[in-house]
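> Okay, predicted coordinates and the sequence, questions at the end:
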Amino acid sequence: MLRRVGFNLIDLIRGTSSIALLRELESIQFESGMAIRQRQKQLLDDYFDALRAALPLYAEYRSFEELPIIDKAFANRNREQLTNSHYRGRRIRKKTGGSTGEPLVFYTGTQSQSYLWAGILLSWRAAGYRLGEPVAFLAGSSLFGTGFKESVYYKLMNIKLFSAFELSEGRLQAYAKEIASGGFRLIYGYAGAIYRLAQHVIASPTRPRFALRGVVCTAEVLTPMMRRVTEAAFDAPCFNQYGCHDAGVSAYECERRQGLHLITTRCHQEVLEGGKLVSTDLSNHVFFLPRYDTGDMVVMEDKPCPCGRGFPLIGEVTGRSNDLVSDPEGNTVHFMFFNYLFREDSRISSFQVLYDRHKLVINLHCETGNDWSGYLKRTASSLKFDQVAFVENHSFVLSASGKHRFVVRVDDVDAVLAGTERMH
């Protein structure tokens with residue numbers, strides 16, 4: 001009871017309504033698909049009217065469909081023109097991590113902030129979590145803040161932070177021991193970091209006993225192999241959660257785990273050719289980002305989920321648009337090419353593709369002493385680099401926020417592998 005009071009106290013301090021919105025979403029999610037689409041249409045109409053009234057940049061447009069698609073570069077160049085000068089509520093400054101090559105500084109209000117946490121909590125609830133239970137938060141700066149206020153909020157929510165920046169064997173052992181002995185009921189964080197911890201647990205001579213209801217992975221692609229290993233390590237179901245806060249996107253797996261339920265009372269989604277996801281945060285009237293290119297690629301499901309929820313389903317988040325490898329001749333493959341190539345190979349636990357203008361190297365975390373000539377031939381038939389090679393068990397190169405990216409373009413592959421150059 002005291003822990004639930006903590007969540008309400010945070011809402012009171014921040015002026016948000018995350019818990020009330022969570023309760024509302026828990027009810028709305030079981031409405032019919034038609035009812036949910038009607039809700040979204042009304043919210044979109046209201047958003048378009050507010051957009052035209054607030055911003056001269058969009059005043060002459062007569063329908064939402066006429067609006068141009070924008071991206072981070074456009075938003076950064078036109079920050080003042082996208083800001084609602086008539087908004088009188090609290091403004092919250094946000095900054096994306098720049099995983100598409102350029103960070104974005106933007107602003108939200110308390111409604112968007114309420115939706116951010118309500119969406120996260122809804123994904124936890126689907127995994128069996130109960131408000132106030134202890135949560136192990138394994139991530140980096142893109143997911144959690146490090147200021148004094150944030151530390152107070154996490155304390156009130158009964159969340160313990162575990163940094164994903166440095167995952168040595170000693171650190172992983174300490175994390176596993178604390179999560180097991182601390183009675184944590186949920187692990188939440190980067191898919192790659194959680195997977196790395198799961199691998200450590202499985203390899204340990206003495207396996208700790210966990211009391212987890214579930215594991216919720218986010219911020220990175222969760223592959224089937226990663227899910228299987230995570231569930232085996234923690235003896236708990238593993239769920240996927242997907243979010244893009246600047247675009248208002250929040251989606252979560254239910255107990256069926258047959259796709260991600262997209263919360264369309266917050267966003268209006270469009271999936272363009274090639275699976276490119278364009279979204280509009282309907283809850284953000286502080287800084288308008290209509291028809292915003294998320295940089296992500298998704299596959300939508302046509303069938304409703306058997307669970308009875310009416311939110312539309314994202315069948316798969318296949319990655320970011322910069323998860324592509326392009327060779328000097330213009331041939332291009334997505335990282336899923338490699339994922340499908342390796343997914344049935346039990347020798348390979350994870351991988352990372354590094355490439356520059358002349359060379360492509362695939363770094364496999366795997367059993368040692370293997371013959372990769374078959375994979376080398378298959379890769380070389382699709383991508384024409386001066387040199388294609390495999391290496392085994394080099395340290396993965398992480399982003400500035402501690403995320404694992406499957407594909408990384410660099411200036412000099414050899415320098416990166418030698419540890420003398422950081423990734424872009």
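Right, received. Where do you want to start? Numbers count the residues shown, from 1 in each chain.

> and E65, helix, strand or coil?
Secondary structure for E65, judged by DSSP: H, G, I helix; E, B strand; the rest coil, is helix.

> Count the neighbours of it for me.
The number of residues packed near E65 is 9, by other C-beta atoms under 10 Å. C-beta: built from backbone N, CA, C; applies to glycine.

> who are the neighbours in contact with it?
Counting by C-beta atoms under 8 Å, 6 or more residues apart in numbering, E65 touches no other residue.

> dump the residue contacts of the residue nearest to V229 when sequence neighbours are not counted.
Of all residues not flanking V229 in the chain, A198 sits nearest, at 5.0 Å (C-beta to C-beta, 6 or more residues apart in numbering). Taking C-beta under 8 Å, 6+ apart, we find A198 in contact with 226, 229-230, 232-234.

> nearest to D11, of those?
Taking C-beta to C-beta as the measure, D11 lies nearest F234 of these, at 30.5 Å.

> related to what we said a few turns ago, quick one: the residue nearest to V229 and T230, what's the gap?
Distance, A198 to T230, using C-beta to C-beta, to the nearest Å: 4 Å.

> One more: R196?
10 Å.

> repeat for C244
Counting by C-beta to C-beta, the gap from C244 to T230 is 23 Å.

> again, but for S250
Distance from S250 to T230, by C-beta to C-beta: 21 Å.

> how about the helices of the chain, start to end?
If DSSP state H is used as the criterion, the helices of the chain fall at 2-14, 18-28, 33-54, 72-77, 79-82, 110-126, 148-156, 169-181, 191-203, 224-234, 335-342, 373-382, 413-417.

> Go ahead and confirm K94 touches C244.
No. Look at K94 against C244 with C-beta atoms under 8 Å: they stay out of range, at 11.8 Å.

> if you count what's nearby, which of the two comes out ahead?
Neighbours per residue (other C-beta under 10 Å) separate K94 from C244, with C244 holding more: 19 against 16.

> Mind telling me which residue is nearest the centre of this protein?
What sits nearest the mean C-alpha location of the chain, by C-alpha atoms, centre = their mean, is A219, with 2.5 Å.

> From I159, how far off is the nearest residue to K177 once chain neighbours are set aside?
Closest residue in space to K177, ignoring its immediate chain neighbours: P208 at 6.2 Å, by C-beta to C-beta, 6+ apart. Separation of P208 from I159 (C-beta to C-beta) stands at 20 Å.

> Which of these two has more residues huddled nearby?
Relative neighbour count places I159 above the other of P208 and I159, with 18 against 15, counting by other C-beta under 10 Å.

> now the more buried one: how far from I120?
Distance, I159 to I120, using C-beta to C-beta: 11 Å.

> Kindly report the same for I362.
Distance from I362 to I120, by C-beta to C-beta: 34 Å.

> go on, S85?
For S85, the distance to I120 - C-beta to C-beta - is 30 Å.

> which one of these two has more residues nearby?
Shown here are S85 and I120; by other C-beta under 10 Å, I120 has more neighbours (20 against 8).

> on that earlier part again, the residue nearest to K177 contacts E178, doesn't it?
No. Using C-beta under 8 Å, P208 is not in contact with E178, being 9.5 Å away.

> What ranges in the stretch 101-250 of the chain fall below the confidence cut-off?
Counting by pLDDT under 70, the low-confidence segments of the stretch 101-250 of the chain come to 101-102, 141-146.

> make it 90
Across the stretch 101-250 of the chain, the ranges flagged by pLDDT under 90 are 101-105, 139-152, 163-169, 191-193, 196, 206-207, 219-226.

> what do you get for the stretch 301-424 of the chain?
Ranges of the stretch 301-424 of the chain meeting pLDDT under 90: 316-352, 365-371, 378, 381-382, 393-411, 414-424.

> same thing but 80
318-324, 330, 332-337, 339-340, 343-344, 398-405, 419-424 (pLDDT under 80).

> which residues of it fall in strands?
313-320, 324-326, 332-334, 348-355, 359-366, 387-392, 407-409 (DSSP state E, counting those that start in this stretch).

> how about those strands in JSON lines, adding mean neighbour count and distance to R52?
Listed next are the strands of the stretch 301-424 of the chain as JSON lines, based on neighbours: other C-beta atoms under 10 Å; distance: least, C-beta to C-beta, whole Å:
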{"stretch": "strand 313-320", "mean neighbour count": "20", "distance to R52": "30"}
{"stretch": "strand 324-326", "mean neighbour count": "17", "distance to R52": "36"}
{"stretch": "strand 332-334", "mean neighbour count": "17", "distance to R52": "37"}
{"stretch": "strand 348-355", "mean neighbour count": "22", "distance to R52": "44"}
{"stretch": "strand 359-366", "mean neighbour count": "20", "distance to R52": "48"}
{"stretch": "strand 387-392", "mean neighbour count": "15", "distance to R52": "52"}
{"stretch": "strand 407-409", "mean neighbour count": "20", "distance to R52": "40"}
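
> Of those strands, which is nearest C307?
Set against C307 and scored by C-beta to C-beta, the strands of the stretch 301-424 of the chain come closest in strand 313-320, at 10.0 Å.

> helices and strands around that closest one, which ones?
When contacts are defined as 3 or more C-beta pairs under 8 Å, 6 or more residues apart in numbering; DSSP states H and E, strand 313-320 packs onto strand 238-244, strand 260-262, strand 292-300, helix 335-342.

> Partner strands of it and their direction?
Note on strand 313-320: by DSSP bridges, its sheet partners are strand 260-262 (antiparallel), strand 292-300 (antiparallel).

> Dump the helices of the chain to JSON lines, plus distance to S395.
As requested, the helices of the chain are arranged in JSON lines below (distance: least, C-beta to C-beta, whole Å):
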{"stretch": "helix 2-14", "distance to S395": "38"}
{"stretch": "helix 18-28", "distance to S395": "38"}
{"stretch": "helix 33-54", "distance to S395": "45"}
{"stretch": "helix 72-77", "distance to S395": "29"}
{"stretch": "helix 79-82", "distance to S395": "38"}
{"stretch": "helix 110-126", "distance to S395": "30"}
{"stretch": "helix 148-156", "distance to S395": "29"}
{"stretch": "helix 169-181", "distance to S395": "12"}
{"stretch": "helix 191-203", "distance to S395": "11"}
{"stretch": "helix 224-234", "distance to S395": "18"}
{"stretch": "helix 335-342", "distance to S395": "18"}
{"stretch": "helix 373-382", "distance to S395": "21"}
{"stretch": "helix 413-417", "distance to S395": "9"}
